[in-house]
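K.L.:
Following is a predicted model, sequence given first.
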Amino acid sequence: MTTSITTRAQLGLPNLVWALAATHFVGRAGGVVRSFLVLYLTQAQHLSPATAGAVVAAVGAGDIGSQVLGGWLGDRIGRRNTMLVGFVGAAIALTALGSADSMPEIWAAAVAVGLTVELHRPAGSAAVADLPSQQRIRAFGLLYWAANLGFSVATVTAGILAGHGYGLLFWINVLASLAAALIVWRQVPETRPAGSVRTRQALLPVVLKDRRMIAMLAVHVGYFTVFLQTFTTLPLLMTADGLGPATYGMVLALNGIAVVALQPVAVRLLAGRDGSAVSAVSMLLVGAGAALGAVSHGSAAFAGSVLIWTLGQIGIAVRFGDTFADLAPAALRGGYMGLASTTWSVGAVLGPLAGTAVLDLAGPAVLGSACAIGGVALFLARKVLS
């Protein structure tokens, strides 16, 4: 107990951040469905890769709505209440997706999962953005670290459990969502600034006049498109190479393990550096890693590609939250952070659609070339915004 208290004091973060970190860990450790959804759809539901990619994209489409809705609700009904709605709603939607048999049911449940699973994210980000600016980078870093610690647990255990059927994965995910809701209910206070509801400042007119915000959103949509297509194409590429779900789980777990090991160091090394330079180089690394993964053969080569794009992922994560928090007016922090999170969601739609389409129609080599070109383009665009 003394060690835990000392660690908290050294980081200088309030109990709110530690409670949010607990929800991130629990939610991601039990969030075993999404990383294996394309395999569930192709192997258990016997859908084609293109159809499975479209269903994954439907989850991403729901994500887009959830980020805007989550940010809006966070500014209206509060950060805490929004997170509760999201976690409980996710448990219901995941149960529906795991029970769906027909395509209409699968489509509807997929959208519902997208609408609820990430609803908590902009509200939690707004709660961190409400903190003093000197605490934000450490707080966002802790949340990201906790989430990836959970992710590394999820990928290893899910890869093993998937070999015995995918139904158990859904129930684990449901219980994790309910556990995260319980943590929010018991430990997370409300942080919404007093009087923010009374201002009723409209988000859209402010954002449309904020050219830097619009440009930053566009660049990050491109980044997440390149980055998130890997989570759909990588299992297909590894399966085509004769590697099974357990191997895919172990390779993907390297991502979470690397983030857990390196992200705290990255916060110390990169927090004081120029944010645009950090982001630009990170986007270049993601493009290079994704390109290598598209043309890899054998588990070692796939693992190497994952490690390369993970380095870029870490760099983006270190500066993502404070980049958008610094742009956000106090009364619209929830909305701004919601729009920032939407870039991830748009990428979650475009990435699976584009990645599976290019892989299916043109093959791995063309997919790799597209990722490499995308990485260079993003590097240049982010440097222009410096």
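P.N.:
Yes, it's here. Here the structure is a predicted model, which means the values were calculated and not measured. Numbers count the residues shown, from 1 in each chain.
K.L.:
What distance do you get for residue 367 to residue 379?
P.N.:
Going from residue 367 to residue 379 by Cβ to Cβ, to the nearest Å gives 19 Å. For glycine as for every other residue, the C-beta is placed from the backbone atoms N, C-alpha and C.
K.L.:
More neighbours: those two, which one.
P.N.:
The neighbour comparison of residue 367 against residue 379 (other Cβ atoms under 10 Å) goes to residue 367, with 27 against 19.
K.L.:
Can you say which helix or strand has residue 169 in it?
P.N.:
helix 167-187 (DSSP states H and E).
K.L.:
where in the stretch 51-200 of the chain is pLDDT low?
P.N.:
134, 193-200 (pLDDT under 70).
K.L.:
How about the contacts made by the spatially most central residue of the chain?
P.N.:
In the chain, the residue lying closest to the centroid (Cα atoms, centre = their mean) is residue 344, at 6.5 Å. Residues counted as contacts of residue 344 (Cβ atoms under 8 Å, 6 or more residues apart in numbering) are 63, 67, 118, 220, 224, 228.
K.L.:
Could you double-check that the last one lies in contact with residue 352?
P.N.:
Put plainly, it is residue 228. Yes: using Cβ atoms under 8 Å, residue 228 makes contact with residue 352 at a distance of 7.2 Å.
K.L.:
pretty sure residue 97 is touching residue 170, no?
P.N.:
Yes: Residue 97 lies in contact with residue 170 (Cβ under 8 Å); the separation is 7.0 Å.
K.L.:
who's more crowded, the two?
P.N.:
residue 97 (22 against 18).
K.L.:
Please name the nearest non-neighbouring residue to the more buried one.
P.N.:
residue 109 (3.8 Å; Cβ to Cβ, 6 or more residues apart in numbering).
K.L.:
List the contacts of the one you found.
P.N.:
Counted by Cβ under 8 Å, 6+ apart, residue 109 has contacts 93, 96, 97, 100.
K.L.:
about what we covered before: shared neighbours, residue 97 and residue 170?
P.N.:
residue 33.
K.L.:
if I look at residue 220, how far off is residue 385?
P.N.:
10 Å.
K.L.:
Of these two, which one has the most company?
P.N.:
More neighbours surround residue 220 than the other of residue 220 and residue 385, with 27 against 15 (other Cβ under 10 Å).
K.L.:
how near is the more buried one to residue 135?
P.N.:
Applying Cβ to Cβ to residue 220 and residue 135 gives a distance of 23 Å.
K.L.:
Next: residue 232.
P.N.:
In terms of Cβ to Cβ, residue 232 sits 36 Å off from residue 135.
K.L.:
can you put the contacts of residue 344 in CSV and add distance to residue 243 and secondary structure?
P.N.:
Shown next, in CSV, are the contacts of residue 344 (distance: Cβ to Cβ, whole Å; DSSP: H, G, I helix; E, B strand; the rest coil):
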residue, distance to residue 243, secondary structure
63, 28, helix
67, 33, helix
118, 29, coil
220, 31, helix
224, 26, helix
228, 21, helix
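K.L.:
Just among those residues, which is most surrounded?
P.N.:
Busiest of these [other Cβ under 10 Å] is residue 63, holding 29 neighbours.
K.L.:
Residue 347 is in contact with that one, correct?
P.N.:
No: applying Cβ under 8 Å as the test, residue 63 and residue 347 come out as separate, 9.3 Å apart.
K.L.:
quick one: contacts for residue 319?
P.N.:
Residue 319 touches 137, 270, 275, 278, 279, counting by Cβ under 8 Å, 6+ apart.
K.L.:
In space, what's closest to it - neighbours in sequence excluded?
P.N.:
Residue 319's closest residue in space is residue 275 (Cβ to Cβ, 6+ apart), at 4.5 Å.
K.L.:
neighbour count winner among residue 232 and residue 135?
P.N.:
Legend: neighbour count by other Cβ under 10 Å for residue 232 and residue 135, higher for residue 232 (25 against 15).
K.L.:
Tell me how far the more buried one lies from residue 34.
P.N.:
Distance, residue 232 to residue 34, by Cβ to Cβ: 11 Å.
K.L.:
Then residue 311?
P.N.:
22 Å.
K.L.:
export stretch 140-159 as CSV, just CAs?
P.N.:
Taking C-alpha atoms only, stretch 140-159 is exported to CSV below (Å, rounded to 0.1, in the frame of the first residue of the first chain):
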residue,chain,number,x,y,z
PHE,A,140,-3.1,10.5,-21.0
GLY,A,141,0.1,8.4,-20.9
LEU,A,142,-1.1,6.4,-17.9
LEU,A,143,-4.5,5.7,-19.5
TYR,A,144,-2.8,4.6,-22.7
TRP,A,145,-0.3,2.4,-20.8
ALA,A,146,-3.1,0.8,-18.8
ALA,A,147,-5.2,0.1,-21.9
ASN,A,148,-2.3,-1.6,-23.7
LEU,A,149,-1.4,-3.6,-20.6
GLY,A,150,-5.0,-4.9,-20.8
PHE,A,151,-4.6,-5.4,-24.6
SER,A,152,-1.5,-7.6,-24.2
VAL,A,153,-3.4,-9.7,-21.7
ALA,A,154,-6.4,-9.9,-24.1
THR,A,155,-4.6,-10.9,-27.2
VAL,A,156,-2.7,-13.8,-25.6
THR,A,157,-5.7,-15.3,-23.7
ALA,A,158,-8.1,-14.7,-26.6
GLY,A,159,-5.7,-16.4,-29.1
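K.L.:
Counting neighbours, what do you get for residue 268?
P.N.:
Neighbourhood size, residue 268 [other Cβ under 10 Å]: 11.
K.L.:
before we move on, back to that, who touches the residue nearest to residue 319 in this structure?
P.N.:
319, 322, 323.
K.L.:
which SS class is residue 101?
P.N.:
Assigned by DSSP: H, G, I helix; E, B strand; the rest coil, the conformation of residue 101 is coil.
K.L.:
How many neighbouring residues does it have?
P.N.:
8.
K.L.:
hmm, back to that, need the residues that contact the helix holding residue 169.
P.N.:
By Cβ under 8 Å, 6+ apart, helix 167-187 touches 15, 19, 22-23, 26-27, 29-33, 36, 40, 80, 83-84, 87-88, 90-91, 94-95, 97-98, 117, 120, 158, 161-162.
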